[in-house]
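Chemist: sequence unavailable; structure follows:
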């Protein structure tokens, strides 16, 4: 058990945007909201899963929608609280704590905001160890935990609640409702006990994000190569250094989808890397050959600062380093790959662990 | 108080399809389901609103979606019960009775089916005195009754529940969810007390539908002109006799939208009538001039049998009579016309009561 103060929140937001593989939303607004909430209501208590009783109820809090929209359409905070409390009311039971459903930029700090406002603790875990675009893509699903009851709330005060027969249906309904809400909605979902999560969740994600964030921050004031320090902190591999020369991006079906083309620089001169994304970076091809694919993490870092660049911020001329990070072993099962592997997203390639390619 | 047996159900379904102004869904499947339920569980008790205590809770039961889809994608009945019971559970209170939200074909008999299965009575009223394509278009809205809590259920077992800040938002969310559910969903909505409904609802609709249905049935075995008898029973005016020469129909956004063109026969030879519909017939123009518009009722009847033809069944070669029926006075207010008048649907014409044109 430890306390999260403003500085911790800033580091978590920064580091989670690396783990978010370009998705999970730009953490900037959420970070400011969470910092303001921590200032106003006091620091948030972070528990490890082991510190909780097996029957403690944990409710994740998150935003969902297209990150391209989230940059311009801001949450007001009440929407997150409203979604969370609607789920508690429906369950007839109060949450013992909240957690991040994904290690995305925005979704790593939204639960801190909700925890501060509701004076709840937060748990040091998540359901992905990264970010993924669709609701069913969490380790909860692999362990049979239902996404529902699931609530969505908007800034106007509308609340939608659902009970679905499986987590894929939750994604279907929630995505169109999020579009109706303006392609950005506040949600609460996957209510589960700490006992279930000790098996199903990915532990220590918040602390890992914080460590990565600290590394980036400290690299600003040292002579170290910031990309190298991030890569080391995250346990990843350098895939490419390049300059973005083209970005095709469209916001459709409630997602930010597209491709980015990078021309190699330094040791990679003459090579071309293509990034494919759907909110998150899902596949990287070098000269047409798949090198890293989902569920492994693909992070795009500013080559000078090591700071992560989210998919909606990719733009012509950025000089970036692309790193690959091994995903949680939970994703490397047949079930995990069926749920979030390259073929689910339509990439005609089998998954190869990034360390087998680059070690 | 009286009992609805199979024969009553058949007459109600037939007559409600006249009041449904081409919408509310083809009653055939719903009528068979309601008849089977009445056979299995016994007749349904029909109360007038006056026979209920002011604090009795009434929950309407209905299908929503595109009638073109409903013809092929059948409800299984459990979906209606599931939506209804989910709303009761959410309210923490059992309904005293159910009712029709609209006098449409399918939606006049769905509540009979639910009433029979749940051994509930039904109330002799509705929220339109006709059918309308959008959820907020009920007299409940004019009297400040919220559409929510509102539930949707599908044949798979998925349930979505919502609380919205106004009834237009309910329409927005429910429409896209209904599309996700296959453009056809079972719903329960507008929970209200009998006290509220004594003011807000349109009384006697079920009995009126039954009377019209009886008239059509009896005309089969007499020498009377069936269109005239229906027109008299419904209190309407003959607008046109014609043959359908063209139907443009598309199923978009969860609606069946389109236009039908009729070439005049008999006294109307040489004239052309154009019908505009969105699930329901909303406007009729003769030689380009608007003659009848929403909220007045436009019913298309088979010229030989007097039987109503729903918008999804309009087809080339049908010989039909078009009749206009005055709507409830509740719609003829500024608020009523703003909610469901011609300009809401994009027709550039002021509303003129049908009796002013044809009397």
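Modeler: Cool, the structure landed. Keep in mind that this is a model prediction, so the values were computed, not measured.
Chemist: quick one: the strands in the stretch 51-200 of chain A?
Modeler: A:57-65, A:97-99, A:122-123, A:125-126, A:150-153, A:159-163, A:184-188, A:192-193 (DSSP state E, counting those that start in this stretch).
Chemist: got TSV for those, with mean pLDDT, mean neighbour count and distance to chain B too?
Modeler: Heads up, the C-betas are built off the backbone N, CA and C, glycines and all. As requested, the strands of the stretch 51-200 of chain A are exported to TSV (pLDDT from 0 to 100; neighbours: other CB atoms under 10 Å in any protein chain shown; distance: least, CB to the nearest CB, whole Å):
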stretch	mean pLDDT	mean neighbour count	distance to chain B
strand A:57-65	94	27	14
strand A:97-99	98	26	22
strand A:122-123	98	26	27
strand A:125-126	98	30	26
strand A:150-153	98	28	9
strand A:159-163	97	25	4
strand A:184-188	93	29	11
strand A:192-193	98	19	20
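Chemist: what sits against the residue nearest to the spatial centre of chain A?
Modeler: Centroid check for chain A by CA atoms, centre = their mean gives residue A:104 as the closest residue, at 2.0 Å. Contact analysis of residue A:104 by CB atoms under 8 Å, 6 or more residues apart in numbering or on different chains lists A:16-17, A:19-20, A:23-25, A:27, A:131, A:280.
Chemist: gap between the closest residue to it other than its chain neighbours and residue A:156?
Modeler: Nearest residue to residue A:104, sequence neighbours excluded (CB to CB, 6 or more residues apart in numbering or on different chains): residue A:24, at 1.1 Å. Using CB to CB, to the nearest Å, one obtains 24 Å as the distance from residue A:24 to residue A:156.
Chemist: hang on, residue A:141 packs against residue A:167?
Modeler: Yes: using CB atoms under 8 Å, residue A:141 is in contact with residue A:167, at 4.9 Å.
Chemist: what sits in contact with each of these two?
Modeler: Common neighbours of residue A:141 and residue A:167 (CB under 8 Å, 6+ apart) are residue A:147.
Chemist: residues of the stretch 1-150 of chain A that sit close to chain B?
Modeler: Proximity of the stretch 1-150 of chain A to chain B, by CB under 8 Å from any CB of the partner chain, involves residues A:86, A:90.
Chemist: looking at the stretch 251-359 of chain A, which residue is nearest chain B?
Modeler: Closest to chain B within the stretch 251-359 of chain A is residue A:254: 10.7 Å, counting by CB to the nearest CB.
Chemist: hang on, the earlier thing: please say which of residue A:24 and residue A:156 ends up with more neighbours.
Modeler: Counted by other CB atoms under 10 Å in any protein chain shown, residue A:24 and residue A:156 do not tie: residue A:24 has more neighbours, with 35 against 14.
Chemist: list the residues that contact that one.
Modeler: Counting by CB under 8 Å, 6+ apart, residue A:24 has contacts A:16-17, A:67, A:102-108, A:131, A:279-280, A:310.
Chemist: which one of the contacts of residue A:104 is nearest to residue B:59?
Modeler: residue A:25 (39.0 Å; CB to CB).
Chemist: quick check: the closest one is in a strand.
Modeler: No: Residue A:25 is assigned coil when assessed by DSSP: H, G, I helix; E, B strand; the rest coil, not a strand.
Chemist: let me see the contact set for the residue lying closest to residue A:184 once chain neighbours are set aside.
Modeler: Take residue A:184 and drop its neighbours on the chain: the residue closest to it by CB to CB, 6+ apart is residue A:65, 3.6 Å away. Neighbouring residues of residue A:65 by CB under 8 Å, 6+ apart: A:178-179, A:181-185, A:254.
Chemist: neighbour-wise, which one of the residues you listed leads?
Modeler: With neighbours taken as other CB under 10 Å, the top of the contacts of residue A:65 is residue A:185, carrying 28 neighbours.
Chemist: any idea what that residue is bridged to?
Modeler: Counting by DSSP bridges, residue A:185 forms beta bridges with residue A:64.
Chemist: state the distance from it to residue B:181.
Modeler: 19 Å.
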